[in-house]
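> Mind looking at a prediction? Sequence and model below.
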Amino acid sequence: MNDLTPTQASDIAAQLLQVQDLLEKGEPARARDICVRAVALAPENVRAIFALGVALHANRQAGDAAAVFLKASRMDPAWLAPRLMLAKCFEAQGKTKDALSVLRQTAEAFPDASELWLLRGSVERKSGDDVAAETSFRRYCALKPNDPDGLNNLAVTVRAQGRVTEAVAIYRQALAAAPTSSLLHANLGNALDVLGDTTGARAHLRAALANEPDSIDARYNLGAHLIREEDTAEGVALLKPLVGSCPERWDIWTNLGVGLLALGQFEAAEAAYRAALRLKPGAPETHYDLAWLLLLSGRWREGWAEYEWRWQLPNFSSRRPETQAPLWTGEQRAGETILLVAEQGLGDAIQCVRFARLIRERCAKVVLSCPAPLISLLTGTAGLDELVPFGDKLPAHHAYCPLLSLPRIFDITPETVPDEAGYLKPRGAIPPHLQLPPAKRKRIGFVWAGSADNKIDKRRSCAVEHFVELMKTVEADFVSLQIGPRAAEVEGQDAPRLILNTNGLTHDLNETAHVIRQLDLVIGVDTAVMHLAGALGRPGWILLPFSPDYRWLLAREDTPWYGSIRLFRQGVNGDWPGVFSRVNSALTNWLRRSD
């Protein structure tokens, strides 16, 4: 090291203090210039060299800074800071392997340096190695127990591996140490949301915003949650200001579009989606949401094309067949077999199986892989040569196609839907236990709830009490067609005109079809049962939320999918009483005409 006079040494120390002050003020260029002069005066002063590296790094000169930190680490091997900064510079340059190599070597020399394990876990996390990151964060937490930052990073990594319940426990431990942390409340709220704890999620997301009212992320997280949980107006009110302050956030635009669509503000929703796609053209979530809007508004050609983005969604629930065969795109395949896959719900399969006969015109054989409850019902359907329940070995085939891709392949528009009345028919004879007694009055089937897994189920399903009240005012007999976890809700209700509850009596949709064929009318919310009524050609009234599933279009009482179906729509979001008031009047008129 150069010999410095006391005055020079004092001058360098003062310059390094000034550098620190400038960096804190956000003036890295001035700090760098001072460091350059200090190093020129004392080229062997490791503190001055380190300060130059810090200034270069702050000035976004990561490559130059890395060379400086490497020099400093060699000059003073017992000093940890230059090694950590060297790793940070490599990471800033995208040289993750080099950063991890430095950190691994450093861990051998400084195994008890907590900040080393925190940085190492962060780099491993960004590199996609969550398992290694978890190990590093656990080392950090062992060295610094109950440190909120370390616990938060550990919880994030644990959740990324799918262990959400464990992550929640770690977030709670961190919050005990930092109860006003907006970040921790937000992360815990989002994790509880995944677990279905809506009440807990909302409480913590609100706490995140209360603790940091100016936080864009806290406002966004709460707004997106409220929109998902159908508190749409409040969610939209939270997100709207954010697109002004953060116009570059595609995710804010997308979630705002979801909320606006649910509120019926279709033009504004489309504008929000398209703004998001200008920012991130490859965002599958936005393309999928735009598809819904386009299909709902009748622009099916563009909508079906956008709907293909569903396969890019990271959490999309549809089944992908275990096949090496290519995707069928509509071409002629004479002498070959095409495998169809019922990728989504039972209602979707019933709706789109009508296209099987069109496929059969272009190949030698059509096989459908579908849920077991559909097998008996769909056996013998025009165009289907073989049906295979999910889980069974697939027969040999030359190409495959998901059912919901068929409308795009056949260029289906609202004007060209092939609606063949009664294209499905129940197989076999009516099982004795499902044979209804001789009719004394008109017989009406009803269903009030769909699958809870559907993304709009909170708005599309209603309370059974609405139907119970309807029974009390209408001179008809009623049959509950409800299946699934909510089927028991009708039990114990004051419903003297309920002549049959099929819960536990029907074992597949073919048996449900036998019941429907004995009814005069089926009334229900948007479920597979209503698709079945339409496919059987039986009269049905579907009760729709204000912002319905895309297939039902807008502002019309009929549907191109089923000629026997009539639609009743909410005029105001959530107004089921208004819908049932109109149903009551329509039903009274229908019964009067039927006498």
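Sure, I can see it.
> Show me where this protein dips below the pLDDT cut-off.
Confidence mapping of the chain against pLDDT under 70 gives the ranges 1-5, 7-9, 11-12, 19, 595.
> Which residue ranges of it form strands?
333-341, 363-370, 386-389, 399-402, 443-447, 477-480, 498-501, 521-525, 540-544, 565-569 (DSSP state E).
> I'd like to know which of those strands lies nearest to residue 421.
strand 565-569 (10.8 Å; CB to CB). Just so you know, the C-beta spots here come from the backbone N, C-alpha and C atoms, and that holds for glycine as well.
> Now find how far off-centre the closest one is within its chain.
Centroid displacement of strand 565-569 relative to its chain, using CA atoms, centre = their mean, to the nearest Å, is 28 Å.
> now what about that strand, what contacts it?
The contact list for strand 565-569 (CB atoms under 8 Å, 6 or more residues apart in numbering) reads 530, 533-534, 539-546, 548, 552, 555-559, 579, 582-583, 586.
> hmm, back to that, JSON lines for the strands of the chain, including mean neighbour count?
Shown next, in JSON lines, are the strands of the chain (neighbours: other CB atoms under 10 Å):
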{"stretch": "strand 333-341", "mean neighbour count": "18"}
{"stretch": "strand 363-370", "mean neighbour count": "21"}
{"stretch": "strand 386-389", "mean neighbour count": "16"}
{"stretch": "strand 399-402", "mean neighbour count": "21"}
{"stretch": "strand 443-447", "mean neighbour count": "26"}
{"stretch": "strand 477-480", "mean neighbour count": "24"}
{"stretch": "strand 498-501", "mean neighbour count": "18"}
{"stretch": "strand 521-525", "mean neighbour count": "25"}
{"stretch": "strand 540-544", "mean neighbour count": "24"}
{"stretch": "strand 565-569", "mean neighbour count": "19"}
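> wait, which of those is closest to residue 18?
Among these, the nearest to residue 18 by CB to CB is strand 399-402 (65.3 Å).
> what packs against that closest one?
If contacts are counted by 3 or more CB pairs under 8 Å, 6 or more residues apart in numbering; DSSP states H and E, strand 399-402 sits against strand 333-341.
> now the strands of the chain as JSON lines including distance to residue 209?
Formatted as JSON lines, the strands of the chain follow (distance: least, CB to CB, whole Å):
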{"stretch": "strand 333-341", "distance to residue 209": "43"}
{"stretch": "strand 363-370", "distance to residue 209": "45"}
{"stretch": "strand 386-389", "distance to residue 209": "48"}
{"stretch": "strand 399-402", "distance to residue 209": "40"}
{"stretch": "strand 443-447", "distance to residue 209": "39"}
{"stretch": "strand 477-480", "distance to residue 209": "43"}
{"stretch": "strand 498-501", "distance to residue 209": "46"}
{"stretch": "strand 521-525", "distance to residue 209": "34"}
{"stretch": "strand 540-544", "distance to residue 209": "33"}
{"stretch": "strand 565-569", "distance to residue 209": "34"}
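> closest to residue 251 out of these?
Closest among the strands of the chain, using CB to CB: strand 399-402, at 27.0 Å.
> re the thing from before, give me the subset of the contacts of strand 565-569 that lies in helices.
Members of the contacts of strand 565-569 lying in helices (criterion: DSSP state H): 530, 533-534, 579, 582-583, 586.
> follow-up on the earlier one: so how do I select the buried members of the contacts of strand 565-569 in ChimeraX?
Those of these that count as buried under 16 or more other CB atoms under 10 Å are selected in ChimeraX with:
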select :530,533,534,539,540,541,542,543,544,545,546,548,552,559,579,583
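> on that earlier part again, so which of the strands of the chain comes closest to residue 66?
Comparing the strands of the chain by CB to CB, strand 399-402 comes nearest, at 49.1 Å.
> Please state the offset of that closest one from the chain centre?
Computed by CA atoms, centre = their mean, the chain-centroid distance of strand 399-402 equals 24 Å.
> next one: stretch 57-68
The answer for stretch 57-68 is 40 Å, by CA atoms, centre = their mean.
> Return the set of buried residues in that stretch.
Those would be 57-59, 61-62, 65-66, 68, for stretch 57-68 by 16+ other CB under 10 Å.
> do the same with stretch 95-109
Neighbour-count burial for stretch 95-109 [16+ other CB under 10 Å]: 95-96, 98-100, 102-103, 106-107.
> repeat for stretch 115-131
Across stretch 115-131, burial judged by 16+ other CB under 10 Å covers 116-125, 129-130.
> which of the residues you listed lies closest to residue 472?
Using CB to CB, residue 130 comes nearest to residue 472 of the buried residues of stretch 115-131, at 56.7 Å.
> Residue 483 contacts residue 524, correct?
No. Taking CB atoms under 8 Å as the definition, residue 483 is not a contact partner of residue 524, at 11.2 Å.
> So residue 469 versus residue 583, what's the distance?
Here residue 469 is placed at a distance of 11 Å from residue 583 (CB to CB, to the nearest Å).
> Let me fix that, I meant to ask about residue 510.
For residue 510, the distance to residue 583 - CB to CB - is 28 Å.
> Reformat the buried residues of stretch 95-109 into TSV and put distance to residue 488 next to each item.
Output for the buried residues of stretch 95-109, formatted as TSV (distance: CB to CB, whole Å):
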residue	distance to residue 488
95	60
96	54
98	61
99	57
100	55
102	62
103	57
106	61
107	58
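> Tell me how many other residues crowd the closest residue to residue 547 other than its chain neighbours.
Spatial nearest neighbour of residue 547, excluding adjacent residues (CB to CB, 6 or more residues apart in numbering): residue 262 at 4.6 Å. Neighbour count of residue 262, defined by other CB atoms under 10 Å: 22.
> and what of residue 267?
Using other CB under 10 Å: residue 267 sits among 10 other residues.
> swap in the one 4 residues further on?
Residue neighbour count, defined by other CB under 10 Å, stands at 15 for residue 271.
> got it, and residue 18?
With other CB under 10 Å as criterion, residue 18 counts 15.
> Turn the ones in helices among the contacts of strand 565-569 into TSV, including distance to residue 233.
As requested, these are exported to TSV (distance: CB to CB, whole Å):
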residue	distance to residue 233
530	28
533	34
534	33
579	20
582	24
583	26
586	29
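> which of those residues lies closest to residue 18?
When those are compared against residue 18 (criterion: CB to CB), the nearest one is residue 579, at 72.1 Å.
> Show me the contact partners of stretch 422-442.
350, 353-354, 376-382, 443, 475-477, 479, 499-500, 502, 505-506, 510-511, 513-515, 517-518, 520-521, 532, 535-537, 591, 594.
> Show me which positions of it end up buried.
For stretch 422-442, using 16+ other CB under 10 Å, the buried residues are 423-424, 426, 434, 442.
> Please apply the same query to stretch 200-217.
Neighbour-count burial for stretch 200-217 [16+ other CB under 10 Å]: 200-202, 204-209, 211-212, 215, 217.
> Which of those fall within helices?
Per DSSP H, the subset of these in helices is 200-202, 204-209, 211, 217.
> now, the most widely separated pair of these?
200 and 217 (18.9 Å).
> Now do stretch 190-205: distance from first to last residue.
Using CA to CA, to the nearest Å, the end-to-end distance of stretch 190-205 comes out at 8 Å.
> Show me how far it is from its chain's centre.
The answer for stretch 190-205 is 15 Å, by CA atoms, centre = their mean.
> Got a quick PyMOL command for the buried subset of the contacts of stretch 422-442?
Buried members of the contacts of stretch 422-442, defined by 16+ other CB under 10 Å, are picked up in PyMOL with:
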select buried, resi 350+353+354+376+377+378+381+443+476+477+479+499+500+502+506+510+511+513+514+515+518+520+521+532+535+536+537+591
